[in-house]
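>>> Dropping the sequence and predicted coords here.
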Amino acid sequence: MNRLYFGDNLHVLRERVTDASVDLVYLDPPFNSKRDYNLLFKTPKGHESDAQITAFEDSWHWGEQAEREYAEILRQPNTEVAELMPALRAFLGENDMMAYLVMMANRLLELHRVLKPTGSLYLHCDPTASHYLKIVLDGVFGKENYVNEIIWKRTAAHSDAKQGSAHFGRTHDTIFFFAKSADHACWNPQWRGYDDDYLDSHYTQVDSDGRKFRWDNLTGPGGAAKGNPFYEVLGVSGYWRYKKERMEAFVASGIVAIPPGGKKPAIKRFLDEQKGTPITDCWDDIAPINSQAQERLGYPTQKPLALLERILNASSNPGDVVLDPFCGCGTAVHAAQKLERRWIGIDITHLAIALIEKRLKDAFPYLNRVKPDKPAPVAPGVGEIAEPDAPEYMRRFEVIGTPEDLGGARDLALRDKYQFQWWACSLVNAQPYQGKKKGADGGIDGLIFFQDDKGAAKKIVVSVKGGEHVNVAMVRDLAHVVAREKAEIGLFVTLAEPSKPMETEAVKEGFYTSPATGAEFPRIQILTIKGLLDGSARARYPDLAQGGHTFKKAQRDQGKKAEQEALF
C-alpha cells in the first residue's frame, strides 16, 4: 500500500523497506547550504511575521552522531565506500561538509539496497556539494552505473548575478542519474515538442489533406560500407535507407516522391506523426515554482510537478514503486499518485507529513487514508466519487509514525515537544507559529485566520499543552494572549483531560458573535487530543471550510480524465 512515514529515513529504510522492493528513488535532500529555511505561510496582509516556522535546518555539524554514522560506514559490506569515506575525511577533516557526506553516504547505501536490479536513482542537489556527492554515488553504485548528470535551469540569470558580484549567475540545479545495473535499468525515452522557430523553418509543406510535412533525405548514410542496398527509385539509382520492397510501397502510397525542383526521391515526414525532440541532459523547459505559480503551496524548496513527472515517466512504469526519502511537500508522491505508481514517502517533520496528507486529499478526492494494520476499505470517502480510472491499489494510503491514538500522542510529546505541537496544530488545521527561535512563542503555538464579513481577516490563537497536568491558570493565560493579540477566539488543545474549573473559566470569557450570520462561538474552546482524534471534538469558528489552511490548497488533479476530455 502507498505509505507516508514520519521519522528519520535511515531508520525507516532499515526497519520498514525490504531488499530489492523499489523501482525508482528520487531524493531532494537538504543541500548543506548553511541556512535554515523559514517557511512563510499564506496569510492575510500584515500577518506574515506571525506565520514563520523553520521547516528544516539545512546545516550539519561534526559531532557524536556524525562519528557514529561514520563508524557504521566502515563496518558495512561495500568496501568501495568503506575505503572512500576515510579518504574524504583525510582531505576535508571533521567539518560540516564531511558530516553532511557521512549522512548522505549511509542513506545512499540503504537506498541502493532497496532498489530492484532494474531500478534507478535520481539525486537532486546544487553545486554546494554536488562534486562530492558524485564521488559518493560512484562508490555506492559503481562508477560504471552512472547514467547522466542532468542540468535543470531553475531560475533566471539576474537572480544570482547581482551588480558587483564576481561570478557568473548560478542558475541551475544538478540531478545525478544512476542505475542499479545499467544493462537492466528501466528506460522510457522522453520527448519535447518542437519550438516555433523549428516548425516555421522545417515544416513548411502542406499535403492535399492539410497535413504539414517536411521532405527528408532517403540516401543511405555510408553507402555500401554500411550495408545499404543499391537500386533504382523513380529513375534515380543509389544507395538507400530502406529495402527495395519497402521503398516501392512508399512510392505507391505517395509518401516518397521527387520534391518540386528536386532531383532525388525524398520522403514526407508528417508533423502529426513525429514525437518531437528527444529530451537531453539539459532541462531548460520546466519552469521553477515562483510566487505566481498555481501549484505553489508555500514550502521553501518545492519542485515543479512537471519535473517529477518527467523523471517518473522516464524510469518507471504504472504499478512500479517510487520512493522519496526526503519527501518535503510531497511533489514526488503527488506525481507518483497521478501517474499510477505505488509510492513511499519519508520525512522527519510532522509539518511535511501534514502538508502531504492535505495535498493528497485536495488533489485526489478519491484517495482514502486508512489506519495502519487495519482492513482497507475499497469504497471512496463519504460524499466523494471514486476516480473511475484509478486502479484499486491507488485508492488508499497509510501514514505511519504519526500518532493514531492517545498513547502515540503521549509518546510523541515526550520525545519531541515541538513536533508534538506542530502535529497538534494540524489536528485543528492551524498554522504552526514560531518566532525567532524555538520556545520564544509568547504563548502562541498556532494561528488560524478566518473572514466572516467584508472587513479584515480575523485571528484565532492556538495553545497546545502536551503535559500530563493542566490547570485554570493556563486557561487564563490563553485568554490574556487572545486579548493581547486582538484575536477573536483561543483554542486550548490539551493532551490531558481538563478539570471542571478549567471549563468554567473558559465559559467566563463569553462568545464571539459572527457579524455575517449572528452565530455565537465560544471565545475560549478547550479541545482534547483524544476528542480530536476520535472525531468527538472540533474547533468551532465561522467559515471553517475556507479559513485556517496551513498551506495553500493544492489544485484537484484531474489525471487521465482531463487528458481524455482534451481529445474531444
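Yep, it's here.

>>> contacts and neighbour counts: CA atoms only from here.
Noted.

>>> S237 falls within a helix, correct?
No - according to DSSP: H, G, I helix; E, B strand; the rest coil, the state of S237 is strand, so it is not within a helix.

>>> In this protein, where's the longest helix?
Here the longest helix in the chain is taken by residue count, with DSSP state H as the criterion, and it is helix 96-114.

>>> Identify all contacting residues around it.
Among residues not part of helix 96-114, those counted as contacts by CA atoms under 8 Å, 6 or more residues apart in numbering are 9-10, 13-14, 17-22, 25, 32, 59-63, 66, 69-70, 72-73, 85, 88-89, 92, 129, 132-133, 136-137, 140-141, 180.

>>> Tell me, how many residues neighbour Q525?
Q525 is surrounded by 22 other residues when neighbours are defined as other CA atoms under 10 Å.

>>> Same question for D207.
The criterion is other CA under 10 Å. On that basis, D207 has 12 neighbouring residues.

>>> That one and W215 touch, don't they?
No - under the criterion of CA atoms under 8 Å, D207 makes no contact with W215, lying 11.3 Å away.

>>> which stretches of this protein aren't confidently modelled?
Across the chain, residues meeting the criterion (pLDDT under 70) sit at 32-59, 156-164, 298, 372-389, 434-441, 543-553, 558-568.

>>> From D8, how far off is the residue nearest the centre of it?
Within the chain, the residue whose C-alpha comes closest to the C-alpha centroid is T331; the distance, by CA atoms, centre = their mean, is 2.1 Å. When distances are taken as CA to CA, to the nearest Å, T331 and D8 turn out to be 19 Å apart.

>>> Then F230?
Here the distance between F230 and D8 works out to 66 Å (CA to CA).

>>> Please identify which of these two sits among more neighbours.
A count of neighbours by other CA under 10 Å puts F230 above the other of F230 and D8, at 17 against 14.

>>> Now do the contacts for the residue lying closest to that one once chain neighbours are set aside.
The shortest distance from F230 to any residue other than its chain neighbours is 4.4 Å, reached at Y239 (CA to CA, 6 or more residues apart in numbering). Contacts here follow CA under 8 Å, 6+ apart; on that basis Y239 touches 219-220, 223-224, 228-231.

>>> Break down the stretch 1-150 of the chain into its strands, ranges please.
Across the stretch 1-150 of the chain, reading from the start of the chain, the strands by DSSP state E, counting those that start in this stretch fall at 2-6, 22-27, 35-40, 52-58, 115-125, 146-153.

>>> what do D207 and W215 both touch?
None of the residues lies in contact with both D207 and W215 under the rule CA under 8 Å, 6+ apart.

>>> picking that back up, pull out the buried residues from the contacts of Y239.
By the neighbour-count criterion of 16 or more other CA atoms under 10 Å, these include these buried positions: 219-220, 228, 230.

>>> pretty sure T504 is in a strand, no?
No - secondary structure assignment places T504 outside any strand; it is helix (three-state DSSP).

>>> Would you mind measuring from it to R540?
Computed with CA to CA, the distance linking T504 and R540 is 18 Å.

>>> Please say which of the two ends up with more neighbours.
Relative neighbour count places R540 above the other of T504 and R540, with 15 against 12, counting by other CA under 10 Å.

>>> Could I get the contacting residues of N313?
For N313, the contacting residues are 188, 190, taking CA under 8 Å, 6+ apart as the criterion.

>>> and if you look at the one 10 residues further on?
L323 makes contact with 22, 24-26, 343-345 under the criterion CA under 8 Å, 6+ apart.

>>> Near Y100, how many other residues are there?
For Y100, the count of nearby residues is 21 (other CA under 10 Å).

>>> repeat for A519
Using other CA under 10 Å as the criterion, A519 is surrounded by 12 other residues.

>>> what's the answer for D453, then?
Taking other CA under 10 Å as the neighbour definition, D453 ends up with a count of 14.

>>> so what are the domain limits for the chain?
Each structural domain of the chain that the record assigns through automatic domain parsing is listed here as a residue range: 2-33+109-189+279-400, 192-277, 406-534.

>>> Output those as JSON lines; include the columns distance to M97.
Rendered in JSON lines, the data for these read as follows (distance: least, CA to CA, whole Å):
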{"stretch": "domain 2-33+109-189+279-400", "distance to M97": "7"}
{"stretch": "domain 192-277", "distance to M97": "37"}
{"stretch": "domain 406-534", "distance to M97": "24"}
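
>>> For the nearest residue to W152 once chain neighbours are set aside, the count of nearby residues, please.
Nearest residue to W152 in three dimensions, chain neighbours excluded: W283, at 4.8 Å (CA to CA, 6+ apart). Residues lying near W283 (other CA under 10 Å) number 16.

>>> so W283 makes contact with T155?
No - with contact defined as CA under 8 Å, W283 does not count as touching T155 (11.8 Å).

>>> Just read off the phi/psi values of the closest residue to Q451 other than its chain neighbours.
Residue nearest to Q451 in three dimensions, not counting chain neighbours: A457, with 4.9 Å by CA to CA, 6+ apart. Main-chain dihedrals, A457, degrees, to the nearest 10: phi -60, psi 150.

>>> try F449
On the backbone of F449 - angles per degrees, to the nearest 10 - the values are phi -110, psi 140.

>>> what number of residues lie near it?
By other CA under 10 Å, 22 other residues sit near F449.

>>> you'd agree it is up against V462?
No - taking CA under 8 Å as the definition, F449 is not a contact partner of V462, at 11.1 Å.

>>> quick one: P288 and T171 touch, right?
No - because the distance of 10.9 Å does not satisfy CA under 8 Å, P288 is recorded as not touching T171.
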